[in-house]
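S.K.: Model the following, please.
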Amino acid sequence: MKAPEKEDPTGTANPHGGKPAGTVALGLRANWRQFSLLVLVNAFVGAMVGMERSVLPALAEQEFKLVARTAILTFIVVFGVSKALTNYVAGRCADAWGRKPVLVAGWLIATPVPFLLMWAPSWNWVLLANALLGISQGFTWSTTVIMKIDLAGPANRGAAMGINEFAGYCAVGAAALATGWIAAHYGLRPQPFYPGVAFALGGLALSVLVVRETQGHAHLEAATAPTPGTADRPSQRRIFWQASVRDPHLSAISQAGLVNNLNDGMAWGLFPLVFAEAGMTLTEIGALAALYPATWGVCQLFTGALSDRIGRKGLIVAGMWVQALGIASIASVRSFAGFALGALLLGVGTAMVYPTLLAAIGDVVNPAWRASTVGVYRFWRDLGYAIGALLSGIVADRYGELAALWVVAGITVLSGAVAAARMRTAPAR
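M.R.: Now for the predicted structure:
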């Protein structure tokens, strides 16, 4: 979709740099250079999280002598809460100040993280590193999502989100695989965190030097093809209330996002422990830890674009139930092949849901306050990390890891039913 060349329809040039809103174009083809740069930036964002996936649970047990599952999973709780709160702030800041300053700030906050993980003398230092990582992820990942939505326009929104999440979660899987291999050959510290230094510096350099502001694209979309709804910008309180409770469609999206990341928080913390207890080696654990996000990442290339054609609701509902099947499969087996099958199912189900939820918000929210609404959704979604880690840790300490997996699978089935009952069935534009 190419916007007509005409005078600035908003009456103002983009205050954050770049071209005036009337001289920019919407669509993946028109913006492929900047879009590709943002895909690369988001790969660095995902890799920062992936470097922890196969290493930190083992680090907690072997170096810091933590035994209780709840204590081990505190790093995910800290990460999830800090990321959720930052997501909420990031969307509002991106609307108020522009996207690029928020992105750069996120990378500056990320730079100490690998060094803290290398040299942490106590578990509290690891928690501090994960608090900074969560804040950084909230700023960087939220902003790359918002910028890609800005560039893509309404016609390719699902495809844009699929490509974005493909880059991020393939990088999560690749980093998890690499750090698992490094840990198996060279030890748990400091070598597995060396790549994190390169990820942080690479993401920061790209964001400062070559990424351009995209807020003018959102201004253009709002002026030329406004989403139905109130013409006046709602207050942040109203946006939060609508996306969380009042609007059935948006609130169903928010709860599905929360449960999706509840699953991921459980998988991040408990899967390596379940695999280890089943006799898997560190290399096998790294491969299994990588398989789920890698499957999730690759499949999003197809599911995001598919949602543009067939609509969002069916993919979201079915995806939640496929996730539940994957978790139940892992709870039912004790072999590498069985674990791999469960991880594949979980990855496919998550891919059906993840980009589709973001695109579904973009379908119904005015571009002028879309970033703020995405921030509310991402607040609830990433709060799921903390809730998943706490819930699965408490259940695992009391009844065992397998019981925790079954509880989370049941919650995921219920979440899909809520989405089926409350989401609107209109197809994507």
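S.K.: Can you find the helix or strand in the protein with the smallest mean pLDDT?
M.R.: Least confident helix or strand, the chain: helix 215-224 with a mean of 77, by mean pLDDT, DSSP states H and E.
S.K.: Does A84 touch F379 like I think?
M.R.: Yes. Using CB atoms under 8 Å, A84 makes contact with F379 at a distance of 4.9 Å. To be clear about C-beta, it is placed using only N, CA and C from the backbone, and glycine gets the same treatment.
S.K.: Neighbour count: the two, which is higher?
M.R.: For the pair A84 and F379, the greater number of neighbours falls to F379 (26 against 23), based on other CB atoms under 10 Å.
S.K.: Surely the more buried one is in contact with Y88?
M.R.: Yes. With contacts defined as CB under 8 Å, F379 counts as touching Y88 at a distance of 4.0 Å.
S.K.: Now do the helices in the stretch 151-300 of the chain.
M.R.: Taking DSSP state H, counting those that start in this stretch as the test, the helices found in the stretch 151-300 of the chain are 157-186, 194-209, 215-224, 236-241, 248-277, 282-310.
S.K.: any chance of those in JSON lines, plus mean neighbour count and distance to R33?
M.R.: Written out in JSON lines, the entries for the helices of the stretch 151-300 of the chain read as follows (neighbours: other CB atoms under 10 Å; distance: least, CB to CB, whole Å):
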{"stretch": "helix 157-186", "mean neighbour count": "24", "distance to R33": "14"}
{"stretch": "helix 194-209", "mean neighbour count": "18", "distance to R33": "13"}
{"stretch": "helix 215-224", "mean neighbour count": "24", "distance to R33": "14"}
{"stretch": "helix 236-241", "mean neighbour count": "15", "distance to R33": "32"}
{"stretch": "helix 248-277", "mean neighbour count": "24", "distance to R33": "30"}
{"stretch": "helix 282-310", "mean neighbour count": "23", "distance to R33": "19"}
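S.K.: Nearest to A417, out of those helices?
M.R.: With CB to CB, the closest approach to A417 among these belongs to helix 248-277: 10.4 Å.
S.K.: Quick one: mean pLDDT for that closest one?
M.R.: In this model, helix 248-277 has an average pLDDT of 92.
S.K.: What of stretch 168-180?
M.R.: For stretch 168-180, the mean pLDDT works out to 88.
S.K.: cool, stretch 419-428 as well?
M.R.: Along stretch 419-428, the predicted local confidence has a mean pLDDT of 78.
S.K.: For that stretch, what is the distance to the chain centroid?
M.R.: With CA atoms, centre = their mean, to the nearest Å as the basis, the distance from the averaged C-alpha position of stretch 419-428 to the chain average is 22 Å.
S.K.: Give me the residues contacting that stretch.
M.R.: For stretch 419-428, the surrounding residues in contact (CB atoms under 8 Å, 6 or more residues apart in numbering) are 157-158, 248-249, 251-253, 255-256, 307-313, 316-317, 320, 359-360, 363.
S.K.: Check which residues of that stretch are buried.
M.R.: When burial is assessed from 16 or more other CB atoms under 10 Å, stretch 419-428 yields the following buried residues: 419-420, 422-424, 428.
S.K.: go on, stretch 90-103?
M.R.: Buried positions in stretch 90-103, judged by neighbour count with 16+ other CB under 10 Å: 90-95, 98-103.
S.K.: Against I330, how distant is the closest residue to G257 other than its chain neighbours?
M.R.: When the adjacent residues along the chain are set aside, G257 lies closest to R381, with 3.3 Å between them (CB to CB, 6 or more residues apart in numbering). According to CB to CB, to the nearest Å, R381 and I330 sit 22 Å apart.
S.K.: How about I182?
M.R.: 25 Å.
S.K.: List the contacts of G180.
M.R.: 53-55, 282-283, 285-287, 289-290.
S.K.: Put together a markdown table for those residues, with pLDDT and distance to S122 on each row.
M.R.: As requested, the contacts of G180 are exported to a markdown table (pLDDT from 0 to 100; distance: CB to CB, whole Å):
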| residue | pLDDT | distance to S122 |
| --- | --- | --- |
| R53 | 80 | 22 |
| S54 | 78 | 22 |
| V55 | 86 | 17 |
| L282 | 82 | 23 |
| T283 | 85 | 28 |
| I285 | 89 | 24 |
| G286 | 84 | 25 |
| A287 | 88 | 30 |
| A289 | 83 | 25 |
| A290 | 83 | 28 |
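S.K.: can you put those in JSON lines and add distance to N260?
M.R.: Below are those laid out as JSON lines (distance: CB to CB, whole Å):
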{"residue": "R53", "distance to N260": "17"}
{"residue": "S54", "distance to N260": "21"}
{"residue": "V55", "distance to N260": "23"}
{"residue": "L282", "distance to N260": "28"}
{"residue": "T283", "distance to N260": "28"}
{"residue": "I285", "distance to N260": "23"}
{"residue": "G286", "distance to N260": "23"}
{"residue": "A287", "distance to N260": "23"}
{"residue": "A289", "distance to N260": "18"}
{"residue": "A290", "distance to N260": "19"}
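S.K.: Pick the one among those closest to A337.
M.R.: Lowest distance from A337 to those (CB to CB) belongs to A287, with 11.9 Å.
S.K.: okay, now N130: neighbour count?
M.R.: Here the neighbour count serves as a burial measure; for N130 (other CB under 10 Å) it reads 27.
S.K.: Tell me which residues touch it, please.
M.R.: For N130, the contacting residues are 52, 75-76, 78-79, 82, taking CB under 8 Å, 6+ apart as the criterion.
S.K.: and with 6 Å instead?
M.R.: For N130, the contacting residues are 75, 78-79, by CB atoms under 6 Å, 6 or more residues apart in numbering.
S.K.: again with M51
M.R.: With contact taken as CB under 6 Å, 6+ apart, M51 is in contact with 175, 179, 196.
S.K.: The same query, at a cut-off of 7 Å, please.
M.R.: Residues counted as contacts of M51 (CB atoms under 7 Å, 6 or more residues apart in numbering) are 175, 179, 192-193, 195-196.
S.K.: Distance to T143 added to those residues, as JSON lines?
M.R.: Formatted as JSON lines, the entries for the contacts of M51 read as follows, by distance: CB to CB, whole Å:
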{"residue": "A175", "distance to T143": "20"}
{"residue": "T179", "distance to T143": "25"}
{"residue": "P192", "distance to T143": "27"}
{"residue": "F193", "distance to T143": "24"}
{"residue": "P195", "distance to T143": "22"}
{"residue": "G196", "distance to T143": "20"}
